[in-house]
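>>> When you get a sec, could you give me coordinates for this:
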Amino acid sequence: MPVGSQMLENPKAATTIEVKTSPDGTMDNQQTTAAIIAGLYMGEGHFTLRRQRHAGSGETMHIDVGFSNTDPALVDFVCKWLDENQISHFIAMNNSTCYQVKVGRHTHVLCLLDLIQPFMIGTKLAEIHLLRTFIQRRLLRRGGNEARRYDEIDRQIAEEKDQLRELSETKRSPHCWDVHRQVSMPRGEDIVHA
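Residues are numbered from 1 along each chain as shown. You can find the predicted model right below:
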């Protein structure tokens, strides 16, 4: 079986994620790499939960975690790390120069979230919590088509995810802006250091 195509066990319940460091506060290579990957996802990644309505056939919800970049070295770095952690993924192109690495299988998305969540903050962390809740609910459903239909809670999670995206796309200032912003000096004035 090729690397990244193994099925992972379905989670039975929500788990608490924590990063364990050595007594001197350092991280091992795996944790360091996961932190770097998380940083890349903070800046260039996305967490998608998209709801689509179809005439006659109801609705579908699509989920994926993606990373976009034009630098092949960064794309290769992310793909190598995903392979090492047996996380199935594929690469798409947004345009002729931008690559997008995507993870879409629910169990593999959960595995990825487990690895990067301890290093995430802000809106991206809130998005991860919503994706995790949605996926865990879907994985616990057993039975035929009727049991797997989307319900109001699924729709609410998708709506909350949309609202988070809209909030993150509006222009906001960090809380430290008023304290640490650089004030422009009028032309001709010199800065005097004491």
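>>> wait, what's in contact with residue 121?
Residues near residue 121 by C-beta atoms under 8 Å, 6 or more residues apart in numbering: residue 42. Bear in mind the C-beta positions are built from the backbone N, C-alpha and C, glycine included.
>>> Can you tell me how far it is from residue 74?
Residue 121 is 21 Å from residue 74, where distance means C-beta to C-beta, to the nearest Å.
>>> and what of residue 115?
17 Å.
>>> Residue 159 now?
From residue 159 across to residue 74, the span is 33 Å (C-beta to C-beta).
>>> And these two? Which one has more around it.
Neighbours were counted for residue 159 and for residue 74 using other C-beta atoms under 10 Å; residue 74 has more, 17 against 13.
>>> Over to the more buried one. Which of the three states is it?
helix (DSSP: H, G, I helix; E, B strand; the rest coil).
>>> which ones are touching it?
residue 40.
>>> again, but for the one 4 residues further on
Neighbour list for residue 78: 37, 40, 67, 101 [criterion: C-beta under 8 Å, 6+ apart].
>>> Quick check: the third one vs residue 38, distance?
Counting by C-beta to C-beta, the gap from residue 67 to residue 38 is 11 Å.
>>> who's more crowded, the two?
The residue with more neighbours, out of residue 67 and residue 38, is residue 67; 24 against 20, by other C-beta under 10 Å.
>>> so is the more buried one in a helix, a strand, or just coil?
State at residue 67, reduced to three classes by three-state DSSP: strand.
>>> now residue 46
Looking at residue 46 with three-state DSSP, the answer is strand.
>>> per-residue pLDDT, the closest residue to it other than its chain neighbours?
Using C-beta to C-beta, 6 or more residues apart in numbering and skipping the chain neighbours, the partner closest in space to residue 46 is residue 66 (5.0 Å). Per-residue confidence (pLDDT) for residue 66: 94.
>>> what do you get for residue 179?
For residue 179, the pLDDT comes out at 69.
>>> what about the nearest residue to residue 153 once chain neighbours are set aside, neighbour count?
The shortest distance from residue 153 to any residue other than its chain neighbours is 6.9 Å, reached at residue 137 (C-beta to C-beta, 6+ apart). With neighbours defined by other C-beta under 10 Å, the count for residue 137 comes to 14.
>>> tell me the secondary structure for residue 137?
From three-state DSSP, the assignment for residue 137 is helix.
>>> same deal with residue 60?
State at residue 60, reduced to three classes by three-state DSSP: strand.
>>> The chain should start at 856 in everything you say after this.
In the new count, where the first residue is 856, that last one comes out as residue 915.
>>> where does the nearest residue to it once chain neighbours are set aside fall, helix, sheet strand or coil?
On the basis of C-beta to C-beta, 6+ apart, the spatially nearest residue to residue 915 that is not a chain neighbour turns out to be residue 907, at 5.2 Å. Following three-state DSSP, residue 907 is assigned to strand.
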